[in-house]
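Q: Model the structure of this input:
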Amino acid sequence: MKIHFIAIGGALMHNLALALQHKGYSITGSDDEIYDPSYGRLKEAGLLPQKMGWHIENIHSKLDAVIVGMHARPNNPELLKAQELGLIIYSYPEYIYLHSKNKKRIVVGGSHGKTTTTSMIMHVLKFHNINYDYAVGAQLEGFELMVRLTNAPLIIIEGDEYLSSPIDELPKFLHYYPHIAVITGISWDHINVFPTFKKYKKQFKNFVKSIIREGMLIYFKEDQYLRKIASQATVQTTGYVTPQYTIKNHKTFLSLEYNCLLPKGSKSSIPIQFFGKHNLQNFQAARLVCRELGLNDLQIFDAIQSFSGAAKRLEILSENKDQVIYKDFAHAPSKVKATINAVKGQYPDRKLVAVLELHTFSSLNFDFLNEYLGSMGAANDAYVYYNSHTVKMKKLREFKPADVQEAFYHPNMKVFTNVKKLEKQLKIDVKKKSANLLLMSSGNWGGIDIAALAKIND
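A: As a prediction, the model looks like this:
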């Protein structure tokens, strides 16, 4: 098989390219810009384009297929050439489905918690040596690639609601037709694609409709929108709630007493490495999936104790007896709130300085700012950073720090638009060691070396 990737540098795209190369396929690719870790991994595999940009000579009649990523535009010259030649063109999710249509498909969707829930399922299955394929949106500890395509009988897929490709405006998760579908929660995101919450919610209604007739929906019962969607489902539904847990000396213990499936004489609780109410909810979803796949609760609890968390989620950058510095991928309002509450709950005796970079199209959209109301409320001090030049580049309505202050409505908030001033403030907070520090962003902090900053006291 000869396959060409248009926009090979994407997180999902380059992992799929590497996975297919492992299968023995002949892979080529193009992109106009590629950054690490994609750059280094493609270079090591010999798949890095010899020259950046789009070149129609890459597209020829001997190709068996072309896979196009979201980074490309509809008028991409290579895409136009492939269409002209009548080549088979796939989006990422279409190709994943092609390789999984004869497998049992478990698809994890939701506005938040997708990666963590998916990685929990994968961790438990791997712990018990169960063979499976996967397609996940983040690099996970213990897994070389984010995509695995073999002859395994089942596949675990992280189901993204974002668009599939520049010529396929169907949300990715509508391509998968799951046997078991999970929805972790719904909170408005991707305002550039779904300008109203009503349109955003509709995608999840369609996702439920896409479950195969004999399939199952597992959903978070404490979400009012999900309860309504689940009540209209024509497949079997199973809801879950937040499990009982306790926190002692900055350590979380999962209570097992609520679970009637455990035999008498079992431990009443187990220590776990992850924490936060939202992550306990993610575990409940993962647990129900694993039970549907034939594992019992004792097997699941045995495995989950060694799960340390998904990459870029509450990652510890520095830790001593007085202070912990965390980095997290949180950027949407619901994720920001859940992450801050998790850290504050784990360390109720310590002050918390929470820092958020507004980076995505939604978070930099003036009309979306009010969605952040109260999201940083549990932090003692809240900092928000955004680059006003980025707002202009995205051709969005410009706003002032005072607008951010009003939208978030936090009594101890500082808003930064100058990255040097932000870095100076963070250095002060790190050196004080009087509070935990939580750094949340899906961006790059304007070039600040966050890892080096966190280790000032080492």
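Q: What score does residue 144 have for pLDDT?
A: Residue 144 carries a pLDDT score of 83 in this model.
Q: I'd say residue 66 and residue 60 touch.
A: No. Counting by C-beta atoms under 8 Å, residue 66 stays clear of residue 60, with 10.5 Å between them. C-beta coordinates here come from the backbone N, C-alpha and C atoms, glycine included.
Q: So between these two, which is more surrounded?
A: Taking other C-beta atoms under 10 Å, residue 66 and residue 60 do not tie; residue 66 has more neighbours (22 against 13).
Q: so what does the strand or helix carrying that one touch, helix or strand wise?
A: Per DSSP states H and E: residue 66 is located in strand 65-68. If you count contacts as 3 or more C-beta pairs under 8 Å, 6 or more residues apart in numbering; DSSP states H and E, strand 65-68 packs onto strand 2-6, helix 77-85, strand 89-91, helix 92-98.
Q: Recalculate using a threshold of 7 Å.
A: On a contact count with 3 or more C-beta pairs under 7 Å, 6 or more residues apart in numbering; DSSP states H and E, strand 65-68 meets strand 2-6, strand 89-91.
Q: so which of those gets nearest residue 354?
A: Nearest to residue 354, of all the helices and strands packed on strand 65-68, is strand 89-91, at 36.4 Å by C-beta to C-beta.
Q: Report the strands that pair with the strand holding residue 66, each with its relative direction.
A: strand 2-6 (parallel), strand 89-91 (parallel) (DSSP bridges).
Q: Return the most buried member of these.
A: strand 2-6 (a mean of 22; mean count of other C-beta atoms under 10 Å).
Q: any idea which helix or strand comes after it?
A: helix 11-22.
Q: Of all the residues in whatever helix or strand comes next after that following helix, which ones are buried?
A: Once the chain leaves helix 11-22, the next helix or strand it forms, by DSSP H and E, is strand 26-30. Across strand 26-30, burial judged by 16 or more other C-beta atoms under 10 Å covers 27-30.
Q: and strand 26-30, what other elements does it pack with?
A: strand 2-6, helix 11-22.
Q: Now do the same contact list for the residue nearest the centre of the chain.
A: In the chain, the C-alpha nearest the mean C-alpha coordinate belongs to residue 115, at 4.5 Å (C-alpha atoms, centre = their mean). Contacts for residue 115 (C-beta atoms under 7 Å, 6 or more residues apart in numbering) come out as 136-138, 158, 310, 313.
Q: May I see the residues you listed arranged in TSV, with pLDDT and neighbour count as well?
A: Shown next, in TSV, are those (pLDDT from 0 to 100; neighbours: other C-beta atoms under 10 Å):
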residue	pLDDT	neighbour count
136	92	25
137	80	21
138	76	18
158	97	25
310	75	28
313	83	24
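Q: quick one: which of these sit in strands?
A: Under the assignment DSSP state E, these contribute residue 158 to strands.
Q: Perfect, that will be all.
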